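In: this is a predicted model, with the sequence first.
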Amino acid sequence: MIKTMIQHGNSSALVIDKPIMDLLNIEQNTPLEIITDGKNIIISPIRETNRLERLSSSLNKVNKKHSNTLKKLAK
């Protein structure tokens, strides 16, 4: 599929067609990560589950390292 940028105010925008959004299971409010290697643009949806897994992992590490201190603070 070949797309061209469109004018959107003082910026440019790329319109993502509904079939592609359906295929990727994204909506208008889905956060997207945009990265580049200097030659290509890669747009990927940010999945909440990954963020929640990282948060849970980080909380577990903090709890293991500082459990005694957190227990004392809770009293």
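Out: Perfect, I can see it now.
In: contacts only, for the residue positioned nearest the centre of the chain.
Out: Among the residues of the chain, the smallest C-alpha distance to the mean C-alpha position (Cα atoms, centre = their mean) belongs to Ile46, namely 2.6 Å. The contact partners of Ile46, taken as Cβ atoms under 8 Å, 6 or more residues apart in numbering, are 30-33. C-beta here means a position set from N, CA and C on the backbone, and glycine is covered the same way.
In: what residues sit buried inside the lengthiest helix in the chain?
Out: Secondary structure of the chain per DSSP state H: the longest helix is helix 48-74. Neighbour counts over helix 48-74 (16 or more other Cβ atoms under 10 Å) mark no residue as buried.
In: just how off-centre is that helix within its chain?
Out: In terms of Cα atoms, centre = their mean, to the nearest Å, the centre of helix 48-74 is set 21 Å apart from its chain centre.
In: please apply the same query to stretch 7-14.
Out: 22 Å.
In: what's in contact with that stretch?
Out: Residues from elsewhere that reach stretch 7-14 (Cβ under 8 Å, 6+ apart): 3, 5-6.
In: any weak-confidence spans in this structure?
Out: Residues of the chain meeting the criterion pLDDT under 70: 48-49.
In: returning to that earlier point: could the contacts of stretch 7-14 go into TSV alongside secondary structure?
Out: TSV is the format used below for the contacts of stretch 7-14 (DSSP: H, G, I helix; E, B strand; the rest coil):
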residue	secondary structure
Lys3	coil
Met5	coil
Ile6	strand
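In: nearest to Leu73 among those?
Out: Looking at those and their distance to Leu73, the nearest is Met5, at 52.6 Å (Cβ to Cβ).
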